[in-house]
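make a model of this:
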Amino acid sequence: MESYDGNLTQKHFMLIGMKEAYDPNLITKMKEGHSVIEHPFRKEYPDGKSDTVFHLRKSATTGDYFLNKFTMSAQKADSGEVRTHTFYLDHKKNVDDGKKIKDNFTYKMAYNFLQGRPVYHSKSESWERIKPKEKLENGNYASERFDKAYGYDLNKVIDEYSVVYKSSLKESLERGNLQKEKFLNKDGTLDELYVSPALRSGSLILYDQDKKPVPLDTQIQKGYISEDLGQKLKQRQQEQQHKAKAENKETTNQSEKQEVGKKPSAKKSQQQSNGESKPRRKSQKQGAG
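Below you'll find the predicted structure:
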């Protein structure tokens with residue numbers, strides 16, 4: 001049996017933050033020399049759980065085992081919905097070779113991604129978020145990217161809020177965590193809220209202890225958000241509401257016009273209900289001169 005470098009495989013698991021999955025069961029399979037190993041592992045979180053299969057392949061030349069990908073099925077605790085996605089890993093050291101940068105997901109990032117929260121890739125300096133209603137041909141979910149040019153600067157965004165521990169919050173949010181953080185209230189007390197990035201609005205989403213969104217008016221009133229950003233977001237909300245009302249009104253008007261065009265006149269309707277019909281005009285034949 002060929003020798004293998006267990007430390008290399010263990011390093012792969014450590015790089016994705018899952019040293020715990022490098023367990024005796026996996027080591028036994030590696031010692032048995034299987035060319036391909038599918039290693040199942042379950043992990044539970046406060047807001048759900050994950051069932052994952054780690055896919056390892058043995059090198060034909062060195063006998064080393066490489067962790068090439070892992071397929072995760074993540075369940076949401078609130079709805080019970082399960083999302084399954086395969087995450088591929090690139091172990092190349094040199095990524096700046098003119099080719100497209102391949103971002104690796106850590107295990108926790110993958111879980112948070114499937115929960116619907118955005119995650120940050122430091123290599124490509126971009127945020128990525130799942131599109132849960134779109135599937136690719138390979139069965140994975142589609143996603144949308146927000147690169148550096150998009151302009152979402154998490155450091156600047158956090159500075160707009162009365163967060164107590166700002167540096168630790170940044171690191172946690174970049175991993176996609178729904179982070180519990182302390183906010184300074186206007187009355188000088190501390191309130192604990194859950195936080196997640198709001199990429200499109202250039203802000204943060206704040207949740208209360210029951211993980212329900214905190215209304216923007218409440219954020220402004222209690223001083224969680226700066227007055228400047230709060231008013232900008234409020235104005236944007238009002239513009240969106242006016243736009244939605246205008247679109248709904250236009251849709252209603254068009255529907256009414258279509259209905260009016262389809263309805264017969266009152267007299268015609270009465271005639272039809274009585275079984276009457278409009279008499280045909282008789283053609284008159286021209287008599288002989």
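
so Leu67 sits in a helix?
No: counting by DSSP: H, G, I helix; E, B strand; the rest coil, Leu67 is located in no helix; its state is strand.

give me the number of residues near it?
24 (other Cβ atoms under 10 Å). (Glycine included, C-beta is placed from N, CA and C.)

what's the spacing between it and Tyr45?
21 Å (Cβ to Cβ, to the nearest Å).

I'd assumed Ile205 was in contact with Val157.
No: between Val157 and Ile205 there is no contact, the gap being 11.1 Å when judged by Cβ atoms under 8 Å.

what sits in contact with each of the two?
The contact sets of Val157 and Ile205 overlap at Pro197 (Cβ atoms under 8 Å, 6 or more residues apart in numbering).

between those two, point out the one with more neighbours.
Shown here are Val157 and Ile205; by other Cβ under 10 Å, Val157 has more neighbours (19 against 16).

give me the element that one is part of.
Counting by DSSP states H and E, the element that carries Val157 is helix 154-159.

and for Pro40?
With DSSP H and E as the criterion, the answer for Pro40 is strand 36-45.

and the next element down the chain from that strand?
strand 48-58.

now what about that next one, what contacts it?
Under the contact criterion Cβ under 8 Å, 6+ apart, strand 48-58 has outside partners 4, 9, 13, 21, 26, 30, 33-44, 64-77, 107, 111, 114-115.

mind listing what's buried in the helix holding Val157?
By neighbour count on 16 or more other Cβ atoms under 10 Å, the buried set for helix 154-159 is Leu154, Val157, Ile158.

using CSV, lay out the residues you listed together with distance to Tyr88 and pLDDT.
Below are the buried residues of helix 154-159 laid out as CSV (distance: Cβ to Cβ, whole Å; pLDDT from 0 to 100):
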residue, distance to Tyr88, pLDDT
Leu154, 26, 97
Val157, 30, 97
Ile158, 31, 97
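
quick check, nearest of those residues to Gln237?
Ranked by distance to Gln237 (Cβ to Cβ), the buried residues of helix 154-159 are led by Val157 at 17.3 Å.

list the contacts for that closest one?
Pro197, Gly202, Ser203, Leu204.

would CSV of those with neighbour count, distance to Thr84 and pLDDT be doable?
What follows is these, written out as CSV (neighbours: other Cβ atoms under 10 Å; distance: Cβ to Cβ, whole Å; pLDDT from 0 to 100):
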residue, neighbour count, distance to Thr84, pLDDT
Pro197, 24, 24, 97
Gly202, 18, 32, 96
Ser203, 21, 31, 97
Leu204, 25, 29, 98
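
look up phi and psi at the nearest residue to Phe41 once chain neighbours are set aside.
Nearest residue to Phe41, sequence neighbours excluded (Cβ to Cβ, 6 or more residues apart in numbering): Ala21, at 4.6 Å. Backbone torsions of Ala21, given as degrees, to the nearest 10, read phi -80, psi -10.

so Ala21 touches Phe13, yeah?
Yes: the pair Ala21 / Phe13 is scored as a contact, 5.6 Å apart, by Cβ under 8 Å.

distance of Thr106 relative to Leu173?
14 Å.

then Lys11?
Counting by Cβ to Cβ, the gap from Lys11 to Leu173 is 27 Å.
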